[in-house]
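Participant: structure of the sequence below:
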Amino acid sequence: MEEINRSGRWWIPSNPDLQVSGNLTFSESEGTRLQLIGSLSSEAQMFAQEAVPLIHGVTAQGERVTLTDGVSSVSLSFPGIPTQKLSAQSLFIGAHLEDPTTSKFCRILLRCTYLLEWANRYGISESFPVPRDPAKPAVELAYKFPDEVKIATGRGTVTVTYTLHQEGDLRSNVGLRHTTWLQLDHATGLSVAEWEQQFLRPLTTLLTLASGRPSFVLEQQLIVDAESENPDDKRAIKLFYRTGENSVGVTSSRPVRMDMLFTLSDLEPNPSIAVDSWFRTAEMLDSVCGLFFGVYYNPRMFVEQRFLSMVSALESYHRRRIRNAAVSDRKHSERIDAIIDKAPPKYRKWLRYRLRYSNEPDLRQRLKDLADRAPLLMNQLIPDGKDVKRFLDKVAATRNYYTHYDVSLRYRAARAGDSLYWGSEILGILLTDCLLSELAIPPETRAQRIRERPNHPMIAKGVRRFLEA
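Facilitator: Numbers count the residues shown, from 1 in each chain. The predicted structure is shown next:
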C-alpha cells in the first residue's frame with residue numbers, strides 16, 4: 001500500500017472539544033503512526049500505555065480521517081510540553097466512521113499484485129508508421145479501454161474494470177498508466193471483516209494460485225452506497241493496514257504469461273462458474289487453503305514446516321473431497337463389534353475409544369488416491385511407476401518420523417534440507433493440480449500449464465534427490 005504522510009488536527013469522538021495537532025504516517029513496515037504535539041489523554045492516564053479505540057481527525061488537505069484500535073504512549077520533557085505517540089490497526093481516509101467494525105459498505109474497489117497479469121487485458125498499443133524520412137522514425141501510442149468483465153456469484157458481483165492515468169506534459173514527454181481493478185458489489189453491504197473473509201481472502205488466494213506468488217492488496221477503496229443520492233455515501237474511503245507484503249520480500253519482477261498457471265481467459269466464456277466455485281472451495285476447504293497458501297505467504301518457513309504443511313493440506317483435501325472410510329460403515333461396525341466381543345469386559349470401553357478412527361485410510365493410501373486422480377501430472381513428474389510407490393512410501397515415512405518421532409523410521413525418512421524442499425515442491429504441485437480441478441480446468445490443460453512453468457525442468461532432479469535422501 002502507498003505511504004502516507006499528513007499533518008492535521010486530531011480528537012477522540014467522545015471529547016471533540018480537545019483537539020491536538022500532529023502528524024500521521026503510514027508505511028508497510030511501520031503501519032499507522034500518529035505523533036501528537038500534546039496529548040489526547042487525561043492527566044491521570046497520561047503516562048500509562050492505554051488503548052484508544054477510535055480517533056477522528058482532519059488533515060491539512062481537508063481529508064476526514066478515522067483511526068481504529070490505537071495504542072498510545074505519552075512522554076514529557078522538562079522543560080517542555082507532553083507529546084503522544086499512537087499506533088493504530090486500521091486507517092480510513094475519507095470519512096469519520098462512528099463504528100468501523102459494524103459500518104456496512106456495498107462496494108469495494110480493489111487493486112492487487114498480479115491482477116494485471118491474471119486479467120490479461122491491456123489497453124495500450126503502439127505502432128510504427130512508415131516515415132517519409134527513414135532517419136526520422138515515427139511512433140504512435142494509443143489507448144482503448146478493454147471491455148469490463150462482470151462475474152456474477154452467489155455472494156455478489158465481481159467486475160474486472162480499468163482506469164487510465166495520463167502523465168507528462170505532452171510536449172517533451174508523455175506517459176500512459178493502465179490500472180486493473182476488481183470492483184466488488186454486495187446488495188445489502190458488508191462490514192470490513194466480512195468483506196475480508198468472503199471476498200478479499202478468496203480472491204487474493206485465487207491470484208496466488210494463478211501466479212505462483214503471494215498476492216497482496218495494494219489499494220482498497222470502500223463505498224457505502226454507490227447508488228445513493230447522498231454524495232457522502234458515494235465518496236470512496238481509502239483503507240490502509242499492514243498486509244505483510246514487506247516481510248515477505250516480494251520480487252519486483254512481474255510474471256510473464258508462461259509463469260501464469262491460468263488467466264481470466266482460461267475461465268471464459270463463463271468465468272462466473274469458476275469464481276463462484278472458488279468462493280465455495282475457499283470456504284469448504286479453509287484448512288487446506290490455510291496450510292497451502294501459508295507456505296507462499298511465509299517463504300522463510302523452515303523446510304520441515306513447509307513439508308509437513310503440504311502433507312497436512314493434502315491429507316485434509318482427501319478427507320473432504322474423496323473418501324474417509326476404508327470400508328463401508330456397516331462392515332466396519334460389524335468388525336468393531338467382533339473385536340470388542342473378544343476383549344475382556346474391563347478393556348472394552350477403552351478399546352472402542354482407541355478404534356474410533358480405525359476405518360480411516362492411512363496417509364499413504366490417501367496420497368495414492370490423489371496421485372491416481374492425476375495420471376497425466378504424475379507421469380510427467382515421476383514417469384517410473386516404481387518410483388511413484390517409493391515416493392509415496394518416503395513421504396509417509398518422513399511425515400510419521402517428524403510428527404510422531406518414530407525412531408524406527410529415522411533412516412527411511414528424508415532429513416536433509418534440500419530433499420525436504422524438493423519433497424514439499426512435488427507435493428505442492430500435486431495439491432496445485434487438486435485446486436485447479438476445483439476451477440473445472442481440464443486435466444490436460446492443468447498438466448500442460450504445470451509443465452510450462454520455468455522450474456519444471458528441475459523437478460526430475462528434485463524427485464531423484466528426495467528418493468535418494
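
Participant: stretch 298-313: how far from the chain's middle?
Facilitator: 16 Å (Cα atoms, centre = their mean, to the nearest Å).

Participant: which residues does that stretch contact?
Facilitator: 214, 248-249, 287-288, 291-292, 294-295, 363, 395, 398-399, 402-403, 414, 417, 420-421, 423-424, 427-428, 431 (Cβ atoms under 8 Å, 6 or more residues apart in numbering). Placement of C-beta: from N, CA and C, glycine included.

Participant: got the buried residues for it?
Facilitator: Buried residues in stretch 298-313, counted by 16 or more other Cβ atoms under 10 Å: 298, 301, 303, 306-313.

Participant: dump the residues you listed to CSV, plus distance to residue 6, pLDDT and secondary structure.
Facilitator: Converted to CSV, the buried residues of stretch 298-313 look like this (distance: Cβ to Cβ, whole Å; pLDDT from 0 to 100; DSSP: H, G, I helix; E, B strand; the rest coil):
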residue, distance to residue 6, pLDDT, secondary structure
298, 32, 90, coil
301, 37, 90, coil
303, 43, 93, helix
306, 41, 94, helix
307, 46, 95, helix
308, 45, 96, helix
309, 40, 96, helix
310, 44, 97, helix
311, 48, 97, helix
312, 45, 96, helix
313, 43, 97, helix
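
Participant: tell me the domain boundaries of the chain?
Facilitator: 4-93, 105-281, 285-324+361-468, 326-360 (automatic domain parsing).

Participant: output the below-cut-off pLDDT ranges for the stretch 301-450 of the chain.
Facilitator: By pLDDT under 70, the stretch 301-450 of the chain has no low-scoring segment.

Participant: what is the lengthiest strand in the chain packed up against?
Facilitator: Secondary structure of the chain per DSSP state E: the longest strand is strand 175-190. Using 3 or more Cβ pairs under 8 Å, 6 or more residues apart in numbering; DSSP states H and E, the elements in contact with strand 175-190 are strand 105-112, helix 115-119, strand 140-143, strand 157-167.

Participant: ok, which of those comes nearest residue 226?
Facilitator: Nearest to residue 226, of all those, is strand 105-112, at 4.9 Å by Cβ to Cβ.

Participant: and the closest one, which strands flank it?
Facilitator: strand 175-190 (antiparallel), strand 217-223 (antiparallel) (DSSP bridges).

Participant: helix or strand next in line after the first one, which one?
Facilitator: So the one you mean is strand 175-190. As assigned by DSSP states H and E, the chain's next helix or strand after strand 175-190 is helix 192-195.

Participant: equivalent analysis for the shortest one, please.
Facilitator: Once strand 217-223 ends, the next helix or strand along the chain (criterion: DSSP H and E) is helix 231-234.

Participant: packing partners for the helix or strand following that next one?
Facilitator: Sequence order places strand 237-240 as the next helix or strand after helix 231-234, per DSSP H and E. Helices and strands touching strand 237-240, by 3+ Cβ pairs under 8 Å, 6+ apart, are strand 90-93, strand 217-223.

Participant: can I get strand 237-240 in PDB? Just the C-alpha atoms.
Facilitator: Extracted C-alpha coordinates of strand 237-240, given in PDB (Å, rounded to 0.1, in the frame of the first residue of the first chain):
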ATOM      1  CA  ILE A 237     -13.000   5.800   1.600                       C
ATOM      2  CA  LYS A 238      -9.400   4.600   1.400                       C
ATOM      3  CA  LEU A 239      -8.500   1.800   3.900                       C
ATOM      4  CA  PHE A 240      -4.900   1.300   5.000                       C
END
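
Participant: what strands line up against that strand, and which way round?
Facilitator: Paired strands of strand 237-240, defined by DSSP bridges, are strand 90-93 (antiparallel), strand 217-223 (antiparallel).

Participant: for that strand, what is the average pLDDT?
Facilitator: Mean per-residue pLDDT for strand 237-240: 96.

Participant: what residues does that strand touch?
Facilitator: 1, 4, 26, 32, 90-95, 97, 105, 192, 219-224.

Participant: which among the contacts of stretch 298-313 count as buried?
Facilitator: Looks like these have 214, 248, 288, 291-292, 295, 363, 395, 398-399, 402, 414, 420-421, 423-424, 427-428, 431 buried, using 16+ other Cβ under 10 Å.

Participant: pull the contacting residues for residue 52.
Facilitator: Contacts of residue 52 (Cβ under 8 Å, 6+ apart): 12, 40, 70-72, 86.

Participant: any idea which of these the model trusts least?
Facilitator: residue 72 (71).

Participant: I'd say residue 84 and residue 33 touch.
Facilitator: No - using Cβ atoms under 8 Å as the test, residue 84 is too far from residue 33 to be in contact (11.3 Å).

Participant: please say which of these two ends up with more neighbours.
Facilitator: More crowded of residue 84 and residue 33, by other Cβ atoms under 10 Å: residue 84, with 22 against 19.

Participant: the more buried one pairs with what?
Facilitator: residue 36, residue 74.

Participant: which helix or which strand is home to residue 150?
Facilitator: Here residue 150 is assigned to strand 149-152, by DSSP H and E.

Participant: let me know the average pLDDT across that strand.
Facilitator: Taken as a whole, strand 149-152 carries a mean pLDDT of 96.

Participant: direction included, what does that strand pair against?
Facilitator: Applying DSSP bridges, one finds strand 149-152 paired with strand 157-167 (antiparallel).

Participant: picking that back up, most packed of the helices and strands packed on strand 237-240?
Facilitator: The highest average neighbour count among the helices and strands packed on strand 237-240, using mean count of other Cβ atoms under 10 Å, belongs to strand 90-93 at a mean of 22.

Participant: residues in contact with it: which ones?
Facilitator: Against strand 90-93 from outside (Cβ under 8 Å, 6+ apart): 4, 24, 26, 32, 59, 63-69, 100, 192, 222, 237-241.

Participant: next: stretch 271-282.
Facilitator: Taking Cβ under 8 Å, 6+ apart as the rule, stretch 271-282 contacts 149, 151-155, 158, 198, 201-202, 205-206, 264, 267, 289, 435, 438-441.

Participant: pull out the buried residues from the residues you listed.
Facilitator: 149, 151-153, 155, 158, 198, 201-202, 205-206, 264, 267, 289, 435, 438-439, 441.

Participant: so what's the residue nearest to residue 63 when sequence neighbours are not counted scoring on pLDDT?
Facilitator: Using Cβ to Cβ, 6 or more residues apart in numbering and skipping residues adjacent in sequence, the residue nearest residue 63 is residue 93, 5.4 Å away. Residue 93 carries a pLDDT score of 96 in this model.

Participant: and residue 4, what does it touch?
Facilitator: Residue 4 neighbours (Cβ under 8 Å, 6+ apart): 24-27, 91, 93, 240.
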